[in-house]
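*Asks:* below are the sequence and a predicted model for it; my questions follow.
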Amino acid sequence: MTGSVFRLGLLMVLLAGITQARGLRADAGTPVLLAAGALLLCGLFAGKVAKGMGLPRLTGYLLVGVAVGPYALGFIPGAGVKGLELVKGLAVSLIALVAGTELHLGLLRRVGARVAILCATVCGITFCVCFGTMVALKPVLPFLTPMTMPQAMAVSALVATVVVSFSPTVTIAIVQETSARGSFTEFLMALVIIGDLFVMVAFALAAGLTRASFGGGLDLGALLGGVGWELFGSVGVGALLAIAMLLYMRGVNRELPLFLVGLSFASAEGGARLHLSPLLISLAAGALIANLDEREGARIHQAIQRAGLPVFALFFAAAGAGLKLDALVTVGPAAALLVGLRALAIWLACRRFAPADDARLKRYLWMGLISQAGVTFGLAALVTKTFPSFGPQVEVLIVAMITAHELVGPVLTRRALSASGEIRADEGVESA
Amino acid sequence: MQALLVFLAIAALSLLASSRALLDPGRHPALAQLAASGLLFLVFGTLLGPSGVAVLTPVNLESLRPLVALGLGTAGVILGLNLEPRVLRLLPRPIYAAALAHAGTAFFFVAVPLSVPLLIWMDFPPQAAVGAAALLGAAASLSSGHFAVLGHRSGRLERARGLGVALLTMMDDAVGLGVLALALVLGAASSAPEGVALVGLALLLGVLCGALLAFLTYSLKDPAELTTVTLGMVALVGGAAAYLRVSPLLAGVACGATLAVVGGRAVERVSRALGRVERPSYLVLVFLIGCQLHARDWQAWALLPAFVVLRFMGKMLGGKLAQRLTVGLLDLPPRLGHALISQGGLALCLVADFLLLVPGTLSQRIFDVVAVGAVVNEMLAHRAFRQVAPPRAVKGAPASPGTGGEGVAA
């Protein structure tokens, strides 16, 4: 670990030198590639340091991103981090593709109903707690204060929907990293994925209600059409992607990691343009392949593990660099309250309603549900885009919560998997 | 969205360029040659770029600059890595003189006459016109050895002769890079001392990154980690250069050369890791270079025939001189000049790097002449190489992309 710390230190010195040299030039060029290279290298060695300290590598990626990012040491300008959005989409697609290959029909038959019921319960309880808190905070939160009570309730419902969301990305990445296998891991993964679907539907409904409360009218047909397109359209496109992958693997069968990275990139970019969910597209594609041809599913799994290290290191380090630490100061108390109450609600719901046949679910499942990352970021950005009058302030609040959840969540997820006794190795993505 | 467009375009072109029908030299010799050398991507880039059907607009290209910097940085690191100091030290002086002869003759054949129209008819300031002519000369001085490499691999050329040509073409890179550094000293800053400082900064950045890469990879055993560190450092050197607005190509060369000197056993592993991304990165760069081309600049078209003809003459004479200088040392083929016509990727990198740092009408015109010239010279080289090594009587397998040294290092 000492060697990795020293190497990380040298990288920091080089980045500090580049930042100093920047002062010599009147005009700077584009910082996107600098951000990519710096975050990739720092992320890799920070991941090794984190592993040496018994933490998930992902935490190392995130923390070093925060450190070198624009809100701390400032070695990487904000424009550089913003330019890495493409990588974020790519990583989400790759992670979802791997997760999809784990979704066998047998597993869904075995735990599907139980997972769905628990997920609905956890989401419902968390939603109620967060909704109630937001309404109670109306006199304190500047963006809620001038609103009428129906408007404040609609906005509170919208925020609560976003706050409920989990992070399939973080969960799956930690499962990959630790090579965890077993019924607890399957349950956790299925729950965060199904939770994501619930949140997608709930968010669309809450957004429609909010729009109506501000006089925009409630077009139920368009609302349901939008949700349907996002869900079923994504699954349909995912099926097409699965067919393309199977044809490639059977026909061409060369440079599979490169092909998968390219296809995931296209699906992430294309999906976002078509208002589909890139996560759901890749998830559906992976699941279809795994159920149509298990051998090819396993090959995809291995291929992504080979290409995964740079993509995941860059993705999570960039996510860390993008965390707005100043948001913590401005809306800190409200965000801290919501973070605490959300965790309490999830803990209570799992403790009370998790299946009794596996004691581990009651005791440790909640820890795996704390993380928030890509999906929540996306929804927060959507709030800003849809409701420009109050959306930016809502986004600041949500981003402050994500900051806390990103830093604590991966550690808790790893602890849950470790406590469940399903971690097989200390290497996963990285060693492959 | 523009990145998706580029990706889809590259993917479609890759499929097209790997088509057996297209690669059959018997059916489409020129297309097959351009596809094998990667220059077909330049043509498609021009067609899809702002000068063609404008699928990619100038705004799109502006946001794709990081990809250009990445391509230039990667090309630089690969070039630097190929500079093996031990081998270079062992080479006798006449070989250096021969490389300088063929590169220098072409340089003067192009730079001196073409400075006249740049100065007189196109009305550019004297210093800028001379610098531009020198850059045209530098691009003309470069030759690619991929015909020779493919020739000896396919049995058309004796191994010793093929390697001799490849050695001479590899060594002319120094002339091109030297002139680029000089052109940047004069053109990329408001004063010459500031220009020297900027070129020095690029080299210092490259040296630091190369030394750090050697240290970071020293104890890495996991191939995935090694690939990640290599890719990360290539991105960092190109990205830092682009951010500081210094030359990504020169920084990359300094990085690769430093690694070659101090890297020890890491050199081969880094080379292998880079080898996996060389071809895709080169094709994306060539495609983006094609997009940057201003096909409607008639003055550039007017300069083009002179550039091609003068370079051809310079290479013929330079080839003869090189042969005389290496008698008894290198077994070079007769009519060596015909083997030096292909221009290769570095010429494109030189002018792309210059355009990136010194945007303007003059640098754009040089860029246009060299980019189109590279395509014309590649097609000429296909015919000229027959004078060196006649095609085999039996129809052989077509040269497929990725089989030769047709990347930037060639």
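*Replies:* In hand now; what should we look at?

*Asks:* what sits against A:Ala10?
*Replies:* Not quite, residue A:10 is Leu, not Ala. B:212, B:215-216 (Cβ atoms under 8 Å, 6 or more residues apart in numbering or on different chains). Any C-beta I mention is one placed from the backbone N, CA and C, and that applies to glycine too.

*Asks:* ditto for A:Pro70
*Replies:* A:Pro70 touches A:76-78, A:81, A:321, counting by Cβ under 8 Å, 6+ apart.

*Asks:* now it, what's its secondary structure?
*Replies:* Judged by DSSP: H, G, I helix; E, B strand; the rest coil, the three-state class of A:Pro70 is coil.

*Asks:* likewise for the one 10 residues further on?
*Replies:* Per three-state DSSP, the local secondary structure of A:Gly80 is helix.

*Asks:* go ahead and confirm it touches A:Pro31.
*Replies:* Yes - if you go by Cβ atoms under 8 Å, A:Gly80 and A:Pro31 touch, sitting 3.5 Å apart.

*Asks:* between these two, what contacts are shared?
*Replies:* Both A:Gly80 and A:Pro31 are contacted by B:Tyr243, under the criterion Cβ under 8 Å, 6+ apart.

*Asks:* pull out the buried members of the contacts of A:Leu10.
*Replies:* B:212, B:215-216 (16 or more other Cβ atoms under 10 Å in any protein chain shown).

*Asks:* contacting residues for the residue at minimal distance from the centre of chain B?
*Replies:* Among the residues of chain B, the one closest to the centroid is B:Leu346, at 1.1 Å (Cα atoms, centre = their mean). Going by Cβ under 8 Å, 6+ apart, B:Leu346 touches B:75, B:79, B:142, B:144, B:173, B:176, B:408.

*Asks:* out of those, who's nearest chain A?
*Replies:* The nearest member of the contacts of B:Leu346 to chain A, counting by Cβ to the nearest Cβ, is B:Ala75 at 14.1 Å.

*Asks:* I'd say that closest one and B:Ala347 touch.
*Replies:* No - if you go by Cβ under 8 Å, B:Ala75 and B:Ala347 don't touch, sitting 11.4 Å apart.

*Asks:* these two: who's more crowded?
*Replies:* B:Ala75 (30 against 25; other Cβ atoms under 10 Å in any protein chain shown).

*Asks:* residues of the helix or strand that contains the more buried one that come out buried?
*Replies:* Applying DSSP states H and E as the criterion places B:Ala75 in helix B:65-82. Buried residues in helix B:65-82, counting neighbours by 16+ other Cβ under 10 Å, are found at B:65-82.

*Asks:* quick one: low-confidence residue ranges for chain A.
*Replies:* A:216-218, A:252-255, A:257-258, A:305-307, A:326-328, A:330, A:374, A:425-432 (pLDDT under 70).

*Asks:* domain parsing for it?
*Replies:* When chain A is parsed with automatic domain parsing, its domains come out as A:2-82, A:85-420.

*Asks:* how far away is B:Pro58 from A:Ala46?
*Replies:* 38 Å (Cβ to Cβ, to the nearest Å).

*Asks:* an error on my part: the question was meant for A:Gly83.
*Replies:* Counting by Cβ to Cβ, the gap from A:Gly83 to A:Ala46 is 21 Å.

*Asks:* tell me which of these two has more neighbours.
*Replies:* Per other Cβ under 10 Å, whichever of A:Gly83 and A:Ala46 has more neighbours is A:Ala46, with 29 against 20.

*Asks:* what sits against the more buried one?
*Replies:* Neighbouring residues of A:Ala46 by Cβ under 8 Å, 6+ apart: A:8, A:60-61, A:63-64, A:317.

*Asks:* in TSV: these, plus neighbour count.
*Replies:* Converted to TSV, the contacts of A:Ala46 look like this (neighbours: other Cβ atoms under 10 Å in any protein chain shown):
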residue	neighbour count
A:Leu8	23
A:Gly60	29
A:Tyr61	29
A:Leu63	23
A:Val64	29
A:Ala317	36
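
*Asks:* close to chain A: what parts of the stretch 51-200 of chain B are there?
*Replies:* Residues of the stretch 51-200 of chain B lying near chain A by Cβ under 8 Å from any Cβ of the partner chain: B:65-66, B:69-70, B:73.

*Asks:* how about residue 167, phi and psi?
*Replies:* Picked chain A for this. Per-residue torsions, A:Ser167: phi -130, psi 90 (degrees, to the nearest 10).

*Asks:* mind telling me what element the closest residue to chain A within the stretch 301-410 of chain B is part of?
*Replies:* At 8.5 Å from chain A, B:Leu356 is the closest residue in the stretch 301-410 of chain B, using Cβ to the nearest Cβ. If you go by DSSP H and E, B:Leu356 is part of helix B:345-357.
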